[in-house]
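quick one, what's the 3D model for this:
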Amino acid sequence: MFTVYVLYSPKHNKIYIGYTSDIENRMLSHNSLATKGYTIKYRPWEIVHKEFFESKVDAMKREKQLKSAKGRELIWGLIR
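Numbering: from 1, shown residues only. This next block holds a predicted model:
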């Protein structure tokens with residue numbers, strides 16, 4: 001099972017879109033464990049949207065859709 005997720009940083013008004021097979025550990029990484037990368041600059045993050053997929057390929061396709069202009073528009077609409 002794979003999860004496509006959208007994170008929001010209210011403090012910095014930023015979003016992050018990704019996918020994982022282990023959402024709990026991925027959130028730990030985004031919010032505390034990671035020492036480098038985009039998400040450490042904008043902590044703390046909260047999950048604002050999740051979708052579940054059986055295959056990695058399907059999760060990757062959906063992540064790509066959400067990262068498009070229309071996908072980001074949808075995400076910002078959910079946040080507002």
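
switch to C-alpha atoms for all contacts and neighbour counts from now on
Will do.

need the contact list for residue 67.
residue 17 (Cα atoms under 8 Å, 6 or more residues apart in numbering).

mind checking how far it is from residue 10?
When distance is defined by Cα to Cα, to the nearest Å, residue 67 is 19 Å away from residue 10.

in this structure, which spans are helices?
23-28, 56-66, 69-79 (DSSP state H).

looking at those, which is buried most?
Across the helices of the chain, averaging neighbours per residue (mean count of other Cα atoms under 10 Å) puts helix 56-66 on top, at a mean of 16.

check the offset of that helix from the chain's centre.
12 Å (Cα atoms, centre = their mean, to the nearest Å).

just want the angle from it to helix 69-79.
Angle of helix 56-66 versus helix 69-79, following axes from the mean of the first three to the mean of the last three Cα atoms, to 10 degrees, is 80 degrees.

elements contacting helix 56-66?
For helix 56-66, the elements it packs on are strand 2-9, strand 14-20, helix 69-79, judged by 3 or more Cα pairs under 8 Å, 6 or more residues apart in numbering; DSSP states H and E.

go again using 10 Å as the cut-off
strand 2-9, strand 14-20, strand 46-53, helix 69-79 (3 or more Cα pairs under 10 Å, 6 or more residues apart in numbering; DSSP states H and E).

could you give the average pLDDT over that helix?
Mean per-residue pLDDT for helix 56-66: 98.

endpoints of stretch 21-31, how far apart?
17 Å.

can you tell me what sits against stretch 9-18?
Residues outside stretch 9-18 that contact it (Cα atoms under 10 Å, 6 or more residues apart in numbering) are 3-8, 26, 38-39, 41-50, 59-60, 62-64, 66-67, 72, 75-76, 79.
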